[in-house]
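**Q** Next come a sequence and a model predicted from it.
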Amino acid sequence: MRRFKQLSIGRRIGRTALAALLIPALAVVAAQRAEAQIQSNPTWAVLEFNNASGKGPENLGATAAEAFRSELGKTGRYEIIPAETISRALTTLNLQPPVTQRISLIRLGQEIGASNLVTGDILNWRIVNEGKGKRADVILRVVVTDVASGLAVNGASFVASSTVRPPDTGEETLLADALAIGATQGVTEIISKDLPRGTILNTTTDQALVNQGSRSGFAVGQEVIILRGREQVGVGLVTEVEPDSSTVKLVRTTRGLQPGDKVRVIFTPKQVSDKFSPSGGVQVKKAAPRSPNSGLLTVAAVLGLALVLLGQGRASNSALVSDFVAEATNEGVGGQPAIKLSWTPDLLTKGNEIRDEWQIWRDDVTTSPVLVVPGNQIFAVDTADVRTVTYQDIQTVGGRACDVTDRETTDAEDVAGLVSGRPYRYQVKLIYKLLSIDVPGADTDSTYCYFGSSKVGTKGTATPFAVPVTVSPAAGSTVNNPASVTFTFQAAPTFAGVTCEYVVQISDSLLFPKSRTVTVAKFIDNKLSPATLTVDGVPVTGLFAGATRLYWRVGVR
(Lines give C-alpha, C1' and ligand atoms only; values in the text may rest on other atoms or scores of the structure.)
Protein backbone atom coordinates (compact mmCIF):
# COMPACT_ATOMS: atom_id res chain seq x y z
CA MET A 1 0.00 0.00 0.00
CA ARG A 2 2.83 2.37 0.87
CA ARG A 3 4.55 1.58 -2.43
CA PHE A 4 1.29 2.34 -4.31
CA LYS A 5 1.02 5.79 -2.67
CA GLN A 6 4.56 6.65 -3.67
CA LEU A 7 3.90 5.94 -7.35
CA SER A 8 2.78 8.88 -9.53
CA ILE A 9 -0.29 7.01 -10.74
CA GLY A 10 -1.24 6.31 -7.15
CA ARG A 11 -0.98 9.99 -6.25
CA ARG A 12 -3.20 10.94 -9.21
CA ILE A 13 -5.85 8.37 -8.29
CA GLY A 14 -5.82 9.58 -4.68
CA ARG A 15 -6.27 13.22 -5.69
CA THR A 16 -9.14 12.28 -8.00
CA ALA A 17 -10.91 10.40 -5.21
CA LEU A 18 -10.42 13.33 -2.81
CA ALA A 19 -11.90 15.77 -5.36
CA ALA A 20 -14.89 13.48 -5.87
CA LEU A 21 -15.56 13.53 -2.12
CA LEU A 22 -15.28 17.32 -1.88
CA ILE A 23 -17.51 18.24 -4.86
CA PRO A 24 -20.88 17.51 -3.11
CA ALA A 25 -19.88 19.61 -0.10
CA LEU A 26 -18.78 22.48 -2.33
CA ALA A 27 -22.05 22.23 -4.24
CA VAL A 28 -24.02 22.55 -1.00
CA VAL A 29 -22.03 25.63 0.02
CA ALA A 30 -22.58 27.21 -3.40
CA ALA A 31 -26.31 26.50 -3.20
CA GLN A 32 -26.53 28.08 0.24
CA ARG A 33 -24.73 31.19 -0.99
CA ALA A 34 -27.03 31.43 -4.01
CA GLU A 35 -30.07 31.09 -1.78
CA ALA A 36 -28.78 33.83 0.50
CA GLN A 37 -28.37 36.13 -2.48
CA ILE A 38 -31.98 35.55 -3.56
CA GLN A 39 -33.38 36.71 -0.20
CA SER A 40 -33.88 40.46 -0.23
CA ASN A 41 -34.12 42.99 2.56
CA PRO A 42 -37.20 45.19 3.03
CA THR A 43 -37.07 48.37 0.93
CA TRP A 44 -37.02 51.61 2.93
CA ALA A 45 -37.03 55.20 1.72
CA VAL A 46 -35.94 58.18 3.83
CA LEU A 47 -37.74 61.40 2.92
CA GLU A 48 -36.67 64.97 3.55
CA PHE A 49 -37.46 65.94 7.15
CA ASN A 50 -39.87 68.74 7.96
CA ASN A 51 -38.08 71.67 9.62
CA ALA A 52 -40.89 72.56 12.01
CA SER A 53 -38.63 74.94 13.93
CA GLY A 54 -38.96 77.52 11.15
CA LYS A 55 -35.32 78.55 11.46
CA GLY A 56 -31.90 77.48 10.29
CA PRO A 57 -30.44 76.59 6.89
CA GLU A 58 -32.84 75.81 4.02
CA ASN A 59 -31.35 72.36 3.53
CA LEU A 60 -31.67 71.32 7.19
CA GLY A 61 -34.40 68.75 6.44
CA ALA A 62 -32.40 67.28 3.54
CA THR A 63 -29.30 67.06 5.76
CA ALA A 64 -31.27 65.13 8.38
CA ALA A 65 -32.63 62.74 5.74
CA GLU A 66 -29.18 62.07 4.31
CA ALA A 67 -27.82 61.32 7.80
CA PHE A 68 -30.57 58.77 8.48
CA ARG A 69 -30.22 57.30 4.99
CA SER A 70 -26.52 56.69 5.62
CA GLU A 71 -27.03 55.25 9.09
CA LEU A 72 -29.80 52.85 8.00
CA GLY A 73 -27.63 51.65 5.13
CA LYS A 74 -24.84 50.75 7.55
CA THR A 75 -27.07 48.26 9.38
CA GLY A 76 -27.36 45.97 6.34
CA ARG A 77 -30.98 45.24 7.30
CA TYR A 78 -32.67 47.35 4.63
CA GLU A 79 -32.42 48.18 0.96
CA ILE A 80 -32.30 51.99 0.94
CA ILE A 81 -33.80 53.78 -2.06
CA PRO A 82 -31.41 56.47 -3.42
CA ALA A 83 -32.28 60.15 -3.01
CA GLU A 84 -32.23 60.59 -6.81
CA THR A 85 -35.02 58.01 -7.23
CA ILE A 86 -37.14 59.80 -4.64
CA SER A 87 -36.52 63.17 -6.33
CA ARG A 88 -37.70 61.83 -9.71
CA ALA A 89 -40.83 60.35 -8.13
CA LEU A 90 -41.64 63.67 -6.45
CA THR A 91 -41.45 65.37 -9.85
CA THR A 92 -43.64 62.70 -11.45
CA LEU A 93 -46.31 63.06 -8.76
CA ASN A 94 -45.98 66.85 -8.66
CA LEU A 95 -45.18 66.82 -4.93
CA GLN A 96 -43.01 69.29 -3.04
CA PRO A 97 -40.73 68.16 -0.21
CA PRO A 98 -41.17 67.76 2.66
CA VAL A 99 -44.20 65.47 2.11
CA THR A 100 -46.41 65.32 5.20
CA GLN A 101 -49.92 64.33 4.04
CA ARG A 102 -50.77 60.66 4.57
CA ILE A 103 -52.27 60.05 1.12
CA SER A 104 -49.32 61.74 -0.58
CA LEU A 105 -46.94 59.56 1.43
CA ILE A 106 -48.77 56.40 0.31
CA ARG A 107 -48.71 57.53 -3.33
CA LEU A 108 -45.00 58.30 -3.13
CA GLY A 109 -44.22 54.99 -1.45
CA GLN A 110 -46.11 53.07 -4.14
CA GLU A 111 -44.38 55.04 -6.91
CA ILE A 112 -40.89 54.16 -5.69
CA GLY A 113 -41.74 50.61 -4.57
CA ALA A 114 -40.94 51.13 -0.88
CA SER A 115 -42.34 48.94 1.88
CA ASN A 116 -41.65 51.59 4.55
CA LEU A 117 -41.09 55.34 4.59
CA VAL A 118 -38.97 57.17 7.16
CA THR A 119 -40.13 60.72 7.82
CA GLY A 120 -39.28 63.15 10.56
CA ASP A 121 -39.70 66.56 12.14
CA ILE A 122 -36.98 68.90 13.37
CA LEU A 123 -39.05 70.39 16.17
CA ASN A 124 -36.43 72.77 17.55
CA TRP A 125 -32.72 73.39 17.80
CA ARG A 126 -30.35 75.61 19.73
CA ILE A 127 -26.66 76.51 20.04
CA VAL A 128 -25.30 76.15 23.57
CA ASN A 129 -22.00 77.47 24.91
CA GLU A 130 -20.11 74.80 26.82
CA GLY A 131 -16.72 75.43 28.42
CA LYS A 132 -14.42 76.97 25.82
CA GLY A 133 -16.53 75.77 22.91
CA LYS A 134 -20.13 75.30 21.82
CA ARG A 135 -22.49 72.59 20.69
CA ALA A 136 -25.86 72.21 18.91
CA ASP A 137 -28.92 70.50 20.43
CA VAL A 138 -31.73 69.27 18.16
CA ILE A 139 -35.20 67.89 19.07
CA LEU A 140 -36.15 65.20 16.55
CA ARG A 141 -39.26 63.10 16.02
CA VAL A 142 -38.88 60.20 13.54
CA VAL A 143 -41.73 58.01 12.26
CA VAL A 144 -41.57 54.81 10.16
CA THR A 145 -44.72 54.41 8.04
CA ASP A 146 -45.95 51.18 6.46
CA VAL A 147 -46.84 51.97 2.83
CA ALA A 148 -49.48 49.22 2.54
CA SER A 149 -51.60 50.65 5.36
CA GLY A 150 -50.39 54.24 5.66
CA LEU A 151 -49.92 53.66 9.40
CA ALA A 152 -46.95 54.31 11.67
CA VAL A 153 -45.21 51.07 12.67
CA ASN A 154 -42.12 52.40 14.48
CA GLY A 155 -40.45 55.63 15.49
CA ALA A 156 -38.48 57.60 18.04
CA SER A 157 -38.45 61.03 19.70
CA PHE A 158 -35.27 62.34 21.29
CA VAL A 159 -32.73 65.16 21.69
CA ALA A 160 -29.40 64.84 19.88
CA SER A 161 -26.34 66.92 20.69
CA SER A 162 -23.25 67.56 18.63
CA THR A 163 -19.76 67.23 20.01
CA VAL A 164 -18.32 70.40 21.56
CA ARG A 165 -16.54 72.35 18.83
CA PRO A 166 -14.31 75.49 18.88
CA PRO A 167 -16.14 78.83 19.31
CA ASP A 168 -15.61 79.81 15.67
CA THR A 169 -17.36 76.70 14.30
CA GLY A 170 -20.24 77.60 12.00
CA GLU A 171 -23.89 77.02 12.90
CA GLU A 172 -24.49 74.78 9.89
CA THR A 173 -21.54 72.53 10.78
CA LEU A 174 -22.74 72.12 14.38
CA LEU A 175 -26.26 71.24 13.21
CA ALA A 176 -24.98 68.71 10.68
CA ASP A 177 -22.93 67.07 13.44
CA ALA A 178 -25.94 66.97 15.78
CA LEU A 179 -28.12 65.43 13.04
CA ALA A 180 -25.49 62.78 12.27
CA ILE A 181 -25.34 61.81 15.95
CA GLY A 182 -29.15 61.94 16.06
CA ALA A 183 -29.34 59.53 13.13
CA THR A 184 -27.23 57.02 15.07
CA GLN A 185 -29.46 57.42 18.15
CA GLY A 186 -32.67 57.17 16.16
CA VAL A 187 -31.71 54.13 14.09
CA THR A 188 -30.49 52.31 17.20
CA GLU A 189 -33.79 52.98 18.98
CA ILE A 190 -35.91 51.97 15.97
CA ILE A 191 -34.07 48.68 15.54
CA SER A 192 -34.26 47.89 19.26
CA LYS A 193 -38.06 48.13 19.50
CA ASP A 194 -39.33 46.27 16.47
CA LEU A 195 -43.05 45.82 17.17
CA PRO A 196 -44.64 42.38 17.57
CA ARG A 197 -45.77 40.62 14.44
CA GLY A 198 -47.12 37.16 13.68
CA THR A 199 -48.87 34.93 11.18
CA ILE A 200 -52.52 33.89 11.16
CA LEU A 201 -52.91 30.13 11.62
CA ASN A 202 -56.69 29.68 11.56
CA THR A 203 -59.75 31.92 11.20
CA THR A 204 -63.40 31.93 12.26
CA THR A 205 -66.10 34.39 11.29
CA ASP A 206 -64.57 37.41 13.03
CA GLN A 207 -61.52 36.07 14.86
CA ALA A 208 -58.07 34.82 13.95
CA LEU A 209 -55.56 32.66 15.79
CA VAL A 210 -52.02 34.10 15.60
CA ASN A 211 -48.85 32.04 16.07
CA GLN A 212 -47.21 34.52 18.48
CA GLY A 213 -48.18 35.49 22.02
CA SER A 214 -46.97 37.28 25.12
CA ARG A 215 -43.42 35.96 24.70
CA SER A 216 -43.22 37.93 21.45
CA GLY A 217 -44.73 41.11 22.91
CA PHE A 218 -48.43 40.71 22.09
CA ALA A 219 -50.80 42.07 24.76
CA VAL A 220 -54.56 42.35 25.19
CA GLY A 221 -55.92 45.62 23.79
CA GLN A 222 -53.24 46.17 21.14
CA GLU A 223 -54.46 47.47 17.80
CA VAL A 224 -53.17 45.53 14.80
CA ILE A 225 -53.18 45.69 11.03
CA ILE A 226 -53.51 42.55 8.90
CA LEU A 227 -51.45 42.30 5.71
CA ARG A 228 -51.48 39.97 2.71
CA GLY A 229 -48.19 40.54 0.97
CA ARG A 230 -47.91 44.34 0.67
CA GLU A 231 -51.68 44.86 0.78
CA GLN A 232 -53.59 45.64 3.97
CA VAL A 233 -56.74 43.51 4.24
CA GLY A 234 -58.01 44.37 7.72
CA VAL A 235 -57.61 45.79 11.20
CA GLY A 236 -58.32 44.20 14.56
CA LEU A 237 -57.84 44.09 18.32
CA VAL A 238 -55.89 41.55 20.39
CA THR A 239 -58.49 40.01 22.74
CA GLU A 240 -56.73 36.94 24.18
CA VAL A 241 -53.06 36.20 24.77
CA GLU A 242 -51.27 32.97 25.61
CA PRO A 243 -47.48 32.60 25.90
CA ASP A 244 -47.18 31.26 22.33
CA SER A 245 -50.42 32.36 20.67
CA SER A 246 -52.97 35.15 20.64
CA THR A 247 -56.47 35.80 19.34
CA VAL A 248 -57.32 38.84 17.21
CA LYS A 249 -60.90 40.04 16.82
CA LEU A 250 -61.61 41.47 13.40
CA VAL A 251 -62.86 45.07 13.41
CA ARG A 252 -62.80 45.87 9.70
CA THR A 253 -61.77 43.98 6.56
CA THR A 254 -61.76 44.56 2.83
CA ARG A 255 -60.98 41.06 1.55
CA GLY A 256 -61.48 38.72 4.50
CA LEU A 257 -58.81 36.82 6.39
CA GLN A 258 -56.97 33.63 5.55
CA PRO A 259 -54.19 31.53 7.08
CA GLY A 260 -50.82 33.00 6.19
CA ASP A 261 -51.88 36.64 6.51
CA LYS A 262 -49.46 38.72 8.60
CA VAL A 263 -50.45 40.57 11.78
CA ARG A 264 -48.56 43.68 12.89
CA VAL A 265 -49.09 45.84 15.97
CA ILE A 266 -49.86 49.50 15.27
CA PHE A 267 -47.31 51.99 16.61
CA THR A 268 -48.50 55.23 18.21
CA PRO A 269 -45.87 57.99 17.89
CA LYS A 270 -45.23 60.06 20.99
CA GLN A 271 -46.37 63.66 20.85
CA VAL A 272 -43.43 65.66 22.17
CA SER A 273 -43.05 69.34 22.89
CA ASP A 274 -40.81 71.62 20.85
CA LYS A 275 -39.43 73.03 24.10
CA PHE A 276 -36.24 71.75 25.69
CA SER A 277 -36.76 70.34 29.17
CA PRO A 278 -34.66 71.71 32.06
CA SER A 279 -32.53 68.56 31.87
CA GLY A 280 -32.03 69.02 28.12
CA GLY A 281 -34.28 66.14 27.04
CA VAL A 282 -37.69 65.95 25.35
CA GLN A 283 -40.99 66.73 27.04
CA VAL A 284 -43.77 64.27 26.17
CA LYS A 285 -47.14 65.96 25.75
CA LYS A 286 -50.06 64.58 27.74
CA ALA A 287 -52.24 62.55 25.40
CA ALA A 288 -55.77 63.80 24.88
CA PRO A 289 -58.52 61.40 26.05
CA ARG A 290 -59.76 59.11 23.32
CA SER A 291 -62.02 56.14 22.94
CA PRO A 292 -60.37 52.69 22.89
CA ASN A 293 -61.15 52.26 19.20
CA SER A 294 -60.28 55.74 17.97
CA GLY A 295 -57.12 54.46 16.29
CA LEU A 296 -59.13 51.80 14.53
CA LEU A 297 -61.69 54.37 13.41
CA THR A 298 -58.83 56.25 11.78
CA VAL A 299 -57.74 53.05 10.08
CA ALA A 300 -61.31 52.41 8.93
CA ALA A 301 -61.44 55.90 7.43
CA VAL A 302 -58.22 55.21 5.54
CA LEU A 303 -59.64 51.90 4.31
CA GLY A 304 -62.84 53.61 3.18
CA LEU A 305 -60.86 56.25 1.31
CA ALA A 306 -58.76 53.54 -0.33
CA LEU A 307 -61.91 51.76 -1.50
CA VAL A 308 -63.18 54.97 -3.07
CA LEU A 309 -59.86 55.65 -4.78
CA LEU A 310 -59.55 52.11 -6.10
CA GLY A 311 -63.18 51.94 -7.21
CA GLN A 312 -63.83 48.70 -5.35
CA GLY A 313 -67.09 49.75 -3.72
CA ARG A 314 -70.23 47.85 -4.67
CA ALA A 315 -71.59 49.80 -7.61
CA SER A 316 -73.30 46.88 -9.37
CA ASN A 317 -76.70 45.40 -8.62
CA SER A 318 -75.68 41.99 -9.98
CA ALA A 319 -74.62 40.89 -6.47
CA LEU A 320 -77.90 40.50 -4.60
CA VAL A 321 -76.60 39.38 -1.22
CA SER A 322 -74.43 40.79 1.56
CA ASP A 323 -72.93 39.68 4.88
CA PHE A 324 -72.20 36.15 3.72
CA VAL A 325 -70.75 34.29 6.73
CA ALA A 326 -69.26 30.80 7.04
CA GLU A 327 -68.43 29.40 10.47
CA ALA A 328 -67.40 25.96 11.66
CA THR A 329 -70.02 24.29 13.83
CA ASN A 330 -70.66 21.07 15.75
CA GLU A 331 -73.93 20.37 13.92
CA GLY A 332 -72.37 17.47 12.01
CA VAL A 333 -73.90 14.04 12.69
CA GLY A 334 -71.78 11.82 14.93
CA GLY A 335 -69.15 14.49 15.53
CA GLN A 336 -68.36 14.91 11.82
CA PRO A 337 -67.16 18.33 10.57
CA ALA A 338 -69.77 20.87 9.51
CA ILE A 339 -69.92 24.52 8.43
CA LYS A 340 -72.95 26.75 8.89
CA LEU A 341 -73.53 29.40 6.23
CA SER A 342 -75.80 32.42 6.49
CA TRP A 343 -76.38 35.55 4.45
CA THR A 344 -78.54 38.66 4.13
CA PRO A 345 -80.52 39.36 0.94
CA ASP A 346 -80.19 42.85 -0.51
CA LEU A 347 -83.07 45.28 -0.31
CA LEU A 348 -84.00 44.47 -3.91
CA THR A 349 -84.55 40.81 -3.04
CA LYS A 350 -86.18 41.10 0.39
CA GLY A 351 -89.39 39.74 -1.09
CA ASN A 352 -89.39 35.94 -1.26
CA GLU A 353 -91.42 35.89 -4.47
CA ILE A 354 -88.49 36.66 -6.81
CA ARG A 355 -85.95 34.38 -5.08
CA ASP A 356 -86.02 30.94 -6.67
CA GLU A 357 -82.97 29.18 -5.21
CA TRP A 358 -79.68 29.88 -3.48
CA GLN A 359 -76.60 28.07 -4.74
CA ILE A 360 -73.60 27.53 -2.44
CA TRP A 361 -70.23 27.11 -4.16
CA ARG A 362 -67.09 25.81 -2.41
CA ASP A 363 -63.50 26.39 -3.48
CA ASP A 364 -62.60 22.68 -3.81
CA VAL A 365 -65.49 21.96 -6.24
CA THR A 366 -65.45 24.07 -9.40
CA THR A 367 -67.94 22.27 -11.66
CA SER A 368 -71.13 22.72 -9.62
CA PRO A 369 -72.53 24.14 -6.39
CA VAL A 370 -72.18 21.94 -3.31
CA LEU A 371 -75.54 22.95 -1.81
CA VAL A 372 -78.85 24.35 -3.05
CA VAL A 373 -81.59 25.69 -0.75
CA PRO A 374 -84.99 27.26 -1.52
CA GLY A 375 -85.16 30.99 -2.15
CA ASN A 376 -87.06 31.68 1.08
CA GLN A 377 -84.23 30.18 3.16
CA ILE A 378 -81.16 32.26 4.05
CA PHE A 379 -78.96 29.65 5.70
CA ALA A 380 -77.43 26.26 4.90
CA VAL A 381 -75.25 23.65 6.60
CA ASP A 382 -72.44 21.92 4.73
CA THR A 383 -71.40 18.50 6.06
CA ALA A 384 -68.99 15.66 5.36
CA ASP A 385 -71.62 13.67 3.43
CA VAL A 386 -71.17 12.99 -0.28
CA ARG A 387 -74.32 14.17 -2.05
CA THR A 388 -76.14 14.71 -5.34
CA VAL A 389 -76.96 18.36 -6.02
CA THR A 390 -79.84 19.39 -8.28
CA TYR A 391 -79.44 22.96 -9.54
CA GLN A 392 -80.23 25.41 -12.32
CA ASP A 393 -77.19 25.89 -14.55
CA ILE A 394 -77.52 29.58 -15.49
CA GLN A 395 -74.09 30.82 -16.58
CA THR A 396 -74.85 34.48 -17.39
CA VAL A 397 -74.95 37.16 -14.71
CA GLY A 398 -77.98 39.46 -14.66
CA GLY A 399 -78.87 41.05 -17.97
CA ARG A 400 -82.09 42.21 -19.60
CA ALA A 401 -82.62 39.49 -22.19
CA CYS A 402 -85.15 36.82 -21.28
CA ASP A 403 -82.93 33.92 -22.36
CA VAL A 404 -84.07 31.39 -19.73
CA THR A 405 -87.83 30.88 -19.56
CA ASP A 406 -88.11 27.37 -18.09
CA ARG A 407 -86.92 26.07 -14.73
CA GLU A 408 -84.58 23.46 -16.12
CA THR A 409 -82.32 21.62 -13.68
CA THR A 410 -79.26 19.41 -13.88
CA ASP A 411 -77.81 16.90 -11.42
CA ALA A 412 -74.25 16.92 -10.08
CA GLU A 413 -73.49 13.50 -8.62
CA ASP A 414 -70.93 12.45 -6.01
CA VAL A 415 -70.26 16.00 -4.85
CA ALA A 416 -67.56 15.77 -2.17
CA GLY A 417 -68.31 16.61 1.44
CA LEU A 418 -66.15 18.40 3.97
CA VAL A 419 -62.81 17.09 5.20
CA SER A 420 -61.77 17.75 8.79
CA GLY A 421 -59.00 20.31 9.18
CA ARG A 422 -59.14 21.83 5.68
CA PRO A 423 -59.80 25.59 5.30
CA TYR A 424 -62.69 26.35 2.92
CA ARG A 425 -63.92 29.42 1.07
CA TYR A 426 -67.52 29.77 -0.07
CA GLN A 427 -69.54 31.79 -2.55
CA VAL A 428 -73.31 32.22 -2.73
CA LYS A 429 -75.30 32.84 -5.90
CA LEU A 430 -79.00 33.65 -6.27
CA ILE A 431 -81.20 32.32 -9.06
CA TYR A 432 -84.12 34.74 -9.28
CA LYS A 433 -87.19 35.06 -11.45
CA LEU A 434 -89.12 38.02 -12.84
CA LEU A 435 -92.50 38.16 -14.51
CA SER A 436 -91.87 38.19 -18.24
CA ILE A 437 -94.22 41.17 -18.65
CA ASP A 438 -91.86 43.15 -16.40
CA VAL A 439 -88.81 42.41 -18.55
CA PRO A 440 -88.43 45.03 -21.31
CA GLY A 441 -88.51 43.47 -24.78
CA ALA A 442 -89.21 39.94 -23.55
CA ASP A 443 -90.77 38.05 -26.47
CA THR A 444 -92.05 34.91 -24.78
CA ASP A 445 -95.26 33.17 -23.74
CA SER A 446 -93.66 31.98 -20.50
CA THR A 447 -94.75 33.45 -17.19
CA TYR A 448 -91.24 33.97 -15.81
CA CYS A 449 -87.73 34.86 -16.93
CA TYR A 450 -84.87 33.39 -14.88
CA PHE A 451 -81.58 35.12 -14.08
CA GLY A 452 -78.45 34.45 -12.06
CA SER A 453 -76.66 36.90 -9.77
CA SER A 454 -72.91 37.24 -9.45
CA LYS A 455 -71.26 35.17 -6.73
CA VAL A 456 -70.49 36.78 -3.37
CA GLY A 457 -67.70 35.28 -1.26
CA THR A 458 -67.28 34.87 2.46
CA LYS A 459 -64.92 37.04 4.44
CA GLY A 460 -62.01 34.70 5.14
CA THR A 461 -62.00 30.94 5.45
CA ALA A 462 -63.77 28.46 7.70
CA THR A 463 -62.00 25.35 8.95
CA PRO A 464 -64.25 22.55 10.22
CA PHE A 465 -62.98 19.85 12.55
CA ALA A 466 -64.34 16.48 13.56
CA VAL A 467 -64.93 16.32 17.30
CA PRO A 468 -61.81 14.89 19.03
CA VAL A 469 -62.47 11.43 20.51
CA THR A 470 -61.96 11.27 24.28
CA VAL A 471 -59.99 8.24 25.51
CA SER A 472 -59.42 8.56 29.25
CA PRO A 473 -60.79 8.99 31.81
CA ALA A 474 -63.49 6.86 30.19
CA ALA A 475 -67.18 7.48 30.78
CA GLY A 476 -68.27 6.10 34.15
CA SER A 477 -64.74 5.51 35.39
CA THR A 478 -63.54 6.39 38.90
CA VAL A 479 -60.58 8.70 39.34
CA ASN A 480 -58.26 7.38 42.04
CA ASN A 481 -56.13 10.51 42.39
CA PRO A 482 -58.28 13.62 41.77
CA ALA A 483 -55.33 15.85 42.66
CA SER A 484 -53.55 14.84 39.45
CA VAL A 485 -55.68 13.59 36.56
CA THR A 486 -54.37 12.73 33.10
CA PHE A 487 -56.66 13.44 30.14
CA THR A 488 -56.06 11.59 26.86
CA PHE A 489 -57.82 12.09 23.52
CA GLN A 490 -57.34 11.57 19.80
CA ALA A 491 -56.08 14.49 17.71
CA ALA A 492 -58.59 15.94 15.28
CA PRO A 493 -58.11 14.83 11.66
CA THR A 494 -56.44 17.71 9.84
CA PHE A 495 -54.16 18.64 6.94
CA ALA A 496 -50.39 19.05 7.03
CA GLY A 497 -49.52 22.67 7.72
CA VAL A 498 -52.74 23.39 9.65
CA THR A 499 -52.09 24.15 13.32
CA CYS A 500 -54.86 23.35 15.80
CA GLU A 501 -55.69 24.91 19.14
CA TYR A 502 -57.17 22.49 21.67
CA VAL A 503 -59.08 23.24 24.85
CA VAL A 504 -59.99 20.80 27.65
CA GLN A 505 -62.97 21.73 29.85
CA ILE A 506 -64.60 20.24 32.96
CA SER A 507 -68.11 20.79 34.34
CA ASP A 508 -70.44 19.25 36.91
CA SER A 509 -73.26 19.47 34.35
CA LEU A 510 -73.68 17.50 31.15
CA LEU A 511 -74.84 20.73 29.46
CA PHE A 512 -71.60 22.59 30.30
CA PRO A 513 -73.21 25.94 31.24
CA LYS A 514 -70.77 28.84 31.04
CA SER A 515 -71.04 29.63 34.75
CA ARG A 516 -70.11 26.06 35.71
CA THR A 517 -67.46 25.22 33.15
CA VAL A 518 -63.72 25.39 33.89
CA THR A 519 -61.01 25.38 31.23
CA VAL A 520 -58.14 23.25 32.56
CA ALA A 521 -55.90 23.21 29.48
CA LYS A 522 -55.46 25.23 26.31
CA PHE A 523 -52.61 24.55 23.89
CA ILE A 524 -51.53 24.49 20.25
CA ASP A 525 -50.53 21.30 18.46
CA ASN A 526 -50.06 20.30 14.82
CA LYS A 527 -49.91 16.52 15.12
CA LEU A 528 -51.77 14.74 12.35
CA SER A 529 -54.39 12.09 13.05
CA PRO A 530 -54.09 9.34 14.12
CA ALA A 531 -52.24 10.68 17.14
CA THR A 532 -52.94 10.68 20.85
CA LEU A 533 -52.65 13.90 22.85
CA THR A 534 -52.23 13.98 26.61
CA VAL A 535 -52.72 16.61 29.31
CA ASP A 536 -51.00 15.55 32.55
CA GLY A 537 -51.33 16.51 36.18
CA VAL A 538 -54.67 18.35 36.18
CA PRO A 539 -56.08 18.83 39.72
CA VAL A 540 -59.89 18.51 39.81
CA THR A 541 -60.40 18.60 43.56
CA GLY A 542 -62.30 21.65 44.75
CA LEU A 543 -63.40 22.76 41.28
CA PHE A 544 -67.06 22.13 42.09
CA ALA A 545 -67.90 21.90 45.79
CA GLY A 546 -69.83 18.75 46.68
CA ALA A 547 -69.78 17.32 43.15
CA THR A 548 -69.18 13.57 42.89
CA ARG A 549 -69.66 13.28 39.14
CA LEU A 550 -67.75 15.39 36.64
CA TYR A 551 -67.89 15.67 32.84
CA TRP A 552 -65.05 16.56 30.50
CA ARG A 553 -64.86 17.48 26.84
CA VAL A 554 -62.33 18.58 24.23
CA GLY A 555 -62.73 21.37 21.69
CA VAL A 556 -60.58 22.24 18.69
CA ARG A 557 -60.28 25.15 16.28
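**A** Everything's here; your move.
**Q** Neighbours of Gln185, how many?
**A** The number of residues packed near Gln185 is 17, by other CB atoms under 10 Å. C-beta here means a position set from N, CA and C on the backbone, and glycine is covered the same way.
**Q** Any buried residues in the host helix or strand of it, and which?
**A** Gln185 is located in helix 171-192, with elements delineated by DSSP states H and E. Buried residues in helix 171-192, counting neighbours by 16 or more other CB atoms under 10 Å, are found at 174-183, 185-187, 190.
**Q** Return the distance of the closest residue to Pro196 other than its chain neighbours relative to Gly260.
**A** Nearest residue to Pro196, sequence neighbours excluded (CB to CB, 6 or more residues apart in numbering): Gly217, at 3.7 Å. Separation of Gly217 from Gly260 (CB to CB, to the nearest Å): 21 Å.
**Q** between those two, which one's more packed in?
**A** Comparing Gly217 with Gly260 by other CB under 10 Å, the one with more neighbours is Gly217, at 16 against 12.
**Q** List the residues that contact that one.
**A** 195-196, 265 (CB atoms under 8 Å, 6 or more residues apart in numbering).
**Q** Which ones among these lie within strands?
**A** Val265 (DSSP state E).
**Q** burial measure for Asn154, as a count.
**A** Asn154: 19 neighbours (other CB under 10 Å).
**Q** Check it and give its pLDDT.
**A** pLDDT for Asn154: 86.
**Q** repeat for Cys449
**A** pLDDT at Cys449 comes out at 83.
**Q** And for it, nearest residue in space, chain neighbours not counted?
**A** Distances taken as CB to CB, 6+ apart place Cys402 nearest to Cys449, at 3.8 Å, with adjacent residues excluded.
**Q** Determine the next helix or strand in the C-terminal direction from the worst-scoring helix or strand of the chain on mean pLDDT.
**A** Lowest mean confidence among the helices and strands of the chain (mean pLDDT, DSSP states H and E): helix 294-310, at a mean of 38. Using DSSP H and E, the helix or strand that follows helix 294-310 in sequence is strand 321-329.
**Q** Could you verify my assumption that Leu209 touches Ile200?
**A** Yes - contact criterion CB atoms under 8 Å: Leu209 and Ile200 qualify, at 6.9 Å.
**Q** more crowded one of the two?
**A** Legend: neighbour count by other CB under 10 Å for Leu209 and Ile200, higher for Leu209 (24 against 21).
**Q** Look up phi and psi at that one.
**A** Taking degrees, to the nearest 10, you get phi -90, psi 120 for the backbone angles of Leu209.
**Q** same deal with Val479?
**A** Note on Val479: backbone dihedrals following degrees, to the nearest 10 are phi -90, psi 120.
**Q** re the thing from before, out of the contacts of Gly217, who's nearest Phe487?
**A** Of all those, Phe487 sits closest to Pro196, with 31.7 Å by CB to CB.
**Q** pLDDT score for that closest one?
**A** Per-residue pLDDT puts Pro196 at 85.
**Q** Any idea how many residues pack against it?
**A** Counted with other CB under 10 Å, the neighbours of Pro196 add up to 20.
**Q** now swap in Asp406 and tell me
**A** Asp406 - counted by other CB under 10 Å - has 10 other residues nearby.
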